[in-house]
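Q: Compute the structure for the input listed below.
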Amino acid sequence: MTSNNSKEKLVVEVVAAHNLMPKDGEGSSSPFVEVEFENQRLRTQVKYKDLNPVWSEKLVFHVKDVADLPYRTIEINVFNERRSSNSRNFLGKVRVSGSSIAKEGEEVPQLHTLDKRSLFSHIRGEITLKLYVSTRVEVKDIVGANETVVLSSNGFSKKNKKALQGPSSAMATQQQIMQENKASQQGHQSLSKPVEPNVPREIMKPVVITTGPAPVIPVAAAGAAAGGVYSHGSSEFSLKETRPLLGGESLQKDKTSSTYDLVEQMQYLYVRVLKAREISLFGGAELVAEVKLGNYRGVTKRVGLNNVEWDQVFAFSKDCIQSSMAEIFVKESNKDEVLGRVWFDLNEVPRRVPPDSQLAPQWYRMEDKKGDRSKAGEVMLSVWFGTQADEAFAEAWHSKAANVHFDGLSSIKSKVYLSPKLWYLRVSILEAQDIVPGEKGSGLMRFPELSVKAQVGNQVLKTRIAQPSPTRSLSNPYWIEEMMFVVAEPFEDYLFVSVEDRVGPGRDEVVGRVILPVTAIEKRNDEKPVVSRWFNLDNSHFGNAGESKMVARFGSRIHLRVSLDGGYHVLDEATIYSSDVRPTEKRLWKPHIGVLEMGILGATGLVPVKIKEGKGGSTDSYCIAKYGQKWVRTRTVVDSLSPKWNEQYTWEVYDPCTVVTVGVFDNSRIDKNMASNTGGRDSRIGKVRIRLSTLETDRVYTHSYPLLMLHTSGVKKMGELHLAVRFSCTNMTNMLHMYTMPMLPKMHYVNPLSVNQLESLRYQAMNVVASRLSRAEPPLGREVVEYMLDHDSHMWSMRRSKANFFRLMNVLSGFMAIGRWIESMRNWHKPVYSALFMAFFLLLVAFPELIIPAVLLYMAFIGLWRYRSRPRYPPHMDTRLSHAESVYPDELDEEFDSFPTSRIADVVRMRYDRLRSVAGRIQTVVGDMASQGERFQALISWRDPRASFLFVIFCLVAAVGFYAVPIRVVVALWGLYVLRPPRFRSKLPSRALSFFKRLPTRADSLL
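A: Predicted coordinates:
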């Protein structure tokens, strides 16, 4: 045994629980509590057949550093023991922050509501705990990771790791150990001080303490609600199938199931306060209405006495209702004195189910603080129970956002955003006439260096300097260059085209300018070019007042061809993750082929991303889902590590080979202090991509997706996102026809853009989308848009390079396997198989018309055979494929480095040398490939006259031989020669290969 030098110990006193969920199938449960703190796990005794158990047991833990306690959490899990099957059921859990731990003598009982472990657990009840730090208690039970110690009031026993290697779960083994100790350790002297002297000896039960790593108790033994795990990697990063109780699967199916059948129904109490009248109050005071339900209190905006109208809706989650009565008060804004009061019994509140019309508000007579109804006035309001399908849900004030300041309320509501309609602006700079060069007063004759600069918003492009021509004068330059810009509807920008003369190093002088509004530019939808036009250059502003009239007489002009191209799809996201491939012009769109429905259920196990004062680690999370031009944002669930959104959204699908992206973020605009410290940037929590073509039609996929983030310290799981996805097809024929159509619109192939152009235009499109969405309310931050659109997917990363290399090797592995199999046939390791292979080869040579049908039948058979083992789940982020689990820290630091780099010179030098090493290997491979090709060219180039002579003579003889001998005989003889047994082969290379390797290459001419 080992000891701990720290004197302070953490004491978790499990007092009692009540109203637990029956889980034994007989209307009861046998609960026990398991507490985990810093890899130490203790448990209480089992209370058999008791839904309101009382333990009053103290569990003592070592504390490494008391100063870190406010940043630690204590996990308390309640389980039901199933003695018949040596397993257990989950009854609930509580996660307590270390900031709530008191000093010894100041502890008070704390009542905690049991939470679900996953989104779909059936849990109820509360547990009472006391947590404090003590220096009086001692713990003598720390053991290694491979040992389990059983402490009881009667004795002590140790079991080595062999006892934990059976097929049953670790908890079943622990139960067996406890029973053995109870039977065999009677009469032995206890080695430890009794934990709770006041508890009678006959009810003390053994306590199993495991201080090894967390996998001592597998997740599978904990009665998790999640289904199977589909991953070959770590189960922590795997995809899990879930079984939520969706609206469409409920036995009590109601009208809301038609539109909200992919989410769990959430019940809310809605209170709509419209206005008041006959309020007797002197002066110009402002009035507010207050809705109170238990400990929750919502206050309306302030209104004047002459116009008492609020028209606000308050929503209280039914899970948090702590009272049987809802009260509505009318009072002055700065005073606590109540002017009038109305209350409602919740048992009498009606239930509204859409698509029923909204409940009509009514006038209610209020009573004053004395109970008099004659002088307090009236208030118009309506109260009803509803679900998240209610129209009032999106704009309602929610009870769980009671602590959010007024400026942050707008940022927590669910919204739908639409990306602006993007166009490509094509500007062709052809030529100019009568350009007057700059610096006319210079005494030396100078050749004008004229170029054209075009600008739209923040996008600036420039042509090359016009080259001299013997057929054109110096004042009539020509360029014939094309530029592409990205503009968005509604068109608010202008196209600035200016002709500049370089009069010195880094010094350009504008000699003419033209300004064109984008709204006046002609649109085109096909490859037919628009008519070019001459535009007069405004050069009156660039000379002095005395020269303006003389300059104007020259009439400088520029020849342009300008058009808005609507036949392209403006890419604003990475091509491989594209969610929309339709052209800009709506008249070119084809009918949609299906509908994508997604229920964003919730998240579990989120990692705290910020520290709130008095609350410790916290997360205010919301979801963003992007498909096509439609962005959806769920409401923000305040201060929760297991948020529930249960919001459903729908998109029209025009192409099945597209991707929907869902991201989870932390809202930084809720807390004023956090918003000022972080600059209002929302933190990333994770992202999920789902390709629609991998989904079966009309099937509901319910899975929990791991939210993985790559940090400088490595990959980290930030939680799990629970989604329900369904892809419905309106016409299967149309969808199958889409698989034969080009991915992008016609203009991308008729008049294609270069790769560099597409990358630059994509960056400009992302900037336009980010700037437009940041002007919405609530704004969608630039950091959110960049993360959802994968703005950094083109940046260099050693990790991605390795991942892509191994992806390529995986693709080539099939051909390599075929090569190894043929080589094994040639080596006659299995003579029977080699003989059959030779016979099959001769059969194909005799009947060559069977070759293509045989190959096609083989591929069809393999496809039908693999249908049984087809993937049953959507793809997800794979850490092994991404090489995120075995990446070096320096490579991660390089990946997160800014561009240009911000690291010190020594680090940059080391990375540059490493990159040179990698590039040297690639250079060698490319040189070897070039050498082989040059040897083929040298066969008839006569660089080696003797080799070329031999090759020409061989070709002449072979031509005669192939003409005289049938091709089938030649192929058969060649096959028999290649497949001959090893005893008839030499280990030396063939004569043909030796001749080929002797041919010269151009590597001799390299410096």
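Q: buried residues in stretch 699-719?
A: Using 16 or more other C-beta atoms under 10 Å as the test for burial, stretch 699-719 gives 700-710, 715, 717-719. Using the backbone N, CA and C atoms, a C-beta is placed for each residue, glycine as well.
Q: since we're on Arg277, how many residues are nearby?
A: Number of residues near Arg277 (other C-beta atoms under 10 Å) recorded here: 11.
Q: what's near enough to touch it?
A: Residues near Arg277 by C-beta atoms under 8 Å, 6 or more residues apart in numbering: 308, 363, 377-378, 380.
Q: Show me where the stretch 551-700 of the chain dips below the pLDDT cut-off.
A: Scanning the stretch 551-700 of the chain with the threshold set as pLDDT under 70 gives 551-554, 614-615, 672-679.
Q: Can you show me the strands along it?
A: Using DSSP state E, counting those that start in this stretch, the strands of the stretch 551-700 of the chain run over 557-565, 594-604, 610-612, 616-618, 621-627, 630-633, 644-653, 659-666, 683-691, 700-711.
Q: Buried subset of the contacts of Arg277, written for PyMOL?
A: Restricted to buried positions by 16+ other C-beta under 10 Å, the PyMOL selection for the contacts of Arg277 reads:
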select buried, resi 308+377+378+380
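Q: Quickly check the contacts of Arg277 for the two that are furthest apart.
A: Maximum pairwise distance among those (C-beta to C-beta): 12.6 Å, between Val308 and Trp363.
Q: which strands and helices sit next to the longest strand anywhere in the chain?
A: Ordering each strand of the chain by length in residues (DSSP state E) puts strand 714-729 first. For strand 714-729, the packing partners by 3 or more C-beta pairs under 8 Å, 6 or more residues apart in numbering; DSSP states H and E come out as strand 594-604, strand 659-666, strand 683-691, strand 700-711.
Q: got the angle for that strand vs strand 621-627?
A: 50 degrees (axes from the mean of the first three to the mean of the last three C-alpha atoms, to 10 degrees).
Q: for strand 714-729, the distance to its chain's centre please.
A: Relative to the centre of its chain, strand 714-729 is centred 8 Å away, using C-alpha atoms, centre = their mean, to the nearest Å.
Q: Skip ahead from it and say which helix or strand is next.
A: Using DSSP states H and E, the helix or strand that follows strand 714-729 towards the C-terminus is helix 732-738.
Q: Using PDB, write out every CA atom in that following helix.
A: Output in PDB follows, covering the C-alpha atoms of helix 732-738 (Å, rounded to 0.1, in the frame of the first residue of the first chain):
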ATOM      1  CA  MET A 732     -36.400   7.900 -57.100                       C
ATOM      2  CA  THR A 733     -36.000   8.100 -60.900                       C
ATOM      3  CA  ASN A 734     -34.900  11.700 -60.800                       C
ATOM      4  CA  MET A 735     -32.400  11.100 -58.000                       C
ATOM      5  CA  LEU A 736     -30.800   8.100 -59.800                       C
ATOM      6  CA  HIS A 737     -30.700  10.300 -62.900                       C
ATOM      7  CA  MET A 738     -28.700  12.900 -60.900                       C
END
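Q: Could I get the buried residue list for the next helix-or-strand element following it?
A: Sequence-wise, the next helix or strand downstream of helix 732-738 (DSSP H and E) is helix 747-750. Buried residues in helix 747-750, counted by 16+ other C-beta under 10 Å: 747-748.
Q: just stretch 22-39 next, same as before
A: Of the residues in stretch 22-39, those buried (16+ other C-beta under 10 Å) are 23-24, 29-38.
Q: what residues go with each domain of this protein?
A: Domain segmentation of the chain under the TED database yields 9-134, 267-402, 426-438+448-521+535-541+554-564, 586-789, 847-1005.
Q: want to try CSV for those domains, with distance to Ile412 as columns?
A: Below are the domains of the chain laid out as CSV (distance: least, C-beta to C-beta, whole Å):
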stretch, distance to Ile412
domain 9-134, 20
domain 267-402, 6
domain 426-438+448-521+535-541+554-564, 28
domain 586-789, 4
domain 847-1005, 28
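Q: Ser419 is nearest to which of these?
A: domain 586-789 (4.3 Å).
Q: what is the mean pLDDT for the top helix by length along the chain?
A: Criterion DSSP state H: the longest helix present in the chain is helix 905-938. Per-residue pLDDT values across helix 905-938 average out to 90.
Q: Quick check: buried residues in it?
A: By 16+ other C-beta under 10 Å, the buried positions in helix 905-938 come out as 911, 934-935, 938.
Q: Figure out how far it is from the centre of its chain.
A: Worked out by C-alpha atoms, centre = their mean, helix 905-938 lies 36 Å from the chain centre.
Q: tell me the mean pLDDT for the helix or strand following it?
A: Note on helix 905-938: by DSSP H and E, the next helix or strand toward the C-terminus is helix 945-964. Averaged across helix 945-964, pLDDT comes to 92.
Q: picking up where we left off before, what angle do the longest helix of the chain and helix 945-964 make?
A: Using the same axes, to 10 degrees: helix 905-938 against helix 945-964 is 60 degrees.
Q: could you say what helices and strands helix 905-938 packs with?
A: helix 889-895.
Q: hang on, the earlier thing: could I get the buried residues of stretch 22-39 in JSON lines, plus columns for secondary structure and pLDDT?
A: JSON lines is the format used below for these (DSSP: H, G, I helix; E, B strand; the rest coil; pLDDT from 0 to 100):
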{"residue": "Lys23", "secondary structure": "coil", "pLDDT": "83"}
{"residue": "Asp24", "secondary structure": "coil", "pLDDT": "79"}
{"residue": "Ser29", "secondary structure": "coil", "pLDDT": "88"}
{"residue": "Ser30", "secondary structure": "coil", "pLDDT": "90"}
{"residue": "Pro31", "secondary structure": "strand", "pLDDT": "92"}
{"residue": "Phe32", "secondary structure": "strand", "pLDDT": "92"}
{"residue": "Val33", "secondary structure": "strand", "pLDDT": "94"}
{"residue": "Glu34", "secondary structure": "strand", "pLDDT": "93"}
{"residue": "Val35", "secondary structure": "strand", "pLDDT": "93"}
{"residue": "Glu36", "secondary structure": "strand", "pLDDT": "91"}
{"residue": "Phe37", "secondary structure": "strand", "pLDDT": "88"}
{"residue": "Glu38", "secondary structure": "coil", "pLDDT": "86"}
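Q: Farthest-apart pair in the residues you listed, please.
A: Asp24 and Glu38 (32.2 Å).
Q: The contacts of Arg277 in strands, which ones?
A: Per DSSP E, those map to strands at 363, 378, 380.
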